[in-house]
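K.L.:
sharing a model that was predicted from the sequence below.
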Amino acid sequence: MYSRMLGEKVSILALCELIEVGWSRLPFGASPCASGGRYALAMTESTPQPELAVAPPTKTPIKSLWWLWLVIGAVGVLVIEGAIAGGLTIVSAATTPNSFTATGTFELVDTDDVNPCAPSGGYSDIGDGAEVVVSNAAGHTLAIGSLGTGKKSLGSCIFPFTVHDVPTGQKFYGVEVTHRGAVQESEKDMERGKVALSLGN
């Protein structure tokens, strides 16, 4: 270490010698190395500077974060349970439908009426918007729909009907227009629109 510092001093003194030779030819007065400057410069350059102590980074103990890991785990469990429950609901709804829409026609035969699609007298309860009731074998109402706009035919009028949200699972269903009596129909025929009811002379 001492020999390295001595070498640095010698090299700086030699540099000052060269500076004084060139400086003496210029009208600037004394050179930076004059009046002991060379020795002060040599000592300044060669004196090692003490290193600053750097404090090591503080680390947060892992044990103090136990509550954070507990919260993250609880949230993860809730998310997984919700996803499973939602998936089961979607699969159940897609594979086991619990209702269907019943469609069919109702024909009113009334050769005495000029316009059977707007009947009068004893058939005045039949027409666009008339109630259609679907019931089970015990006579309990399952769903209610209505007649649509009738289409005139030869001495009759044919009304389409639609009943939404009819529960599945019944062997036979009763279909009744207003109070004209229920007619037994199968779920397959009702769902495929093959129900064809009629009333009149």
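P.N.:
Thanks, I have it.

K.L.:
kindly check the end-to-end length of stretch 112-127 for me.
P.N.:
Chord length of stretch 112-127, first to last residue, is 16 Å (CA to CA, to the nearest Å).

K.L.:
any buried residues in stretch 146-161, and which?
P.N.:
Buried positions in stretch 146-161, judged by neighbour count with 16 or more other CB atoms under 10 Å: 147-148, 150, 156-159, 161. C-beta coordinates here come from the backbone N, C-alpha and C atoms, glycine included.

K.L.:
what sits up against that stretch?
P.N.:
103-111, 115-117, 119, 126-132, 145, 162, 177, 200 (CB atoms under 8 Å, 6 or more residues apart in numbering).

K.L.:
format the buried residues of stretch 146-161 as TSV; extra columns: secondary structure and pLDDT.
P.N.:
Shown next, in TSV, are these (DSSP: H, G, I helix; E, B strand; the rest coil; pLDDT from 0 to 100):
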residue	secondary structure	pLDDT
147	strand	97
148	coil	97
150	coil	95
156	strand	92
157	strand	94
158	strand	95
159	strand	97
161	strand	97
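
K.L.:
would JSON lines of the residues you listed with distance to residue 139 be doable?
P.N.:
Formatted as JSON lines, the buried residues of stretch 146-161 follow (distance: CB to CB, whole Å):
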{"residue": "147", "distance to residue 139": "21"}
{"residue": "148", "distance to residue 139": "25"}
{"residue": "150", "distance to residue 139": "28"}
{"residue": "156", "distance to residue 139": "29"}
{"residue": "157", "distance to residue 139": "28"}
{"residue": "158", "distance to residue 139": "27"}
{"residue": "159", "distance to residue 139": "24"}
{"residue": "161", "distance to residue 139": "19"}
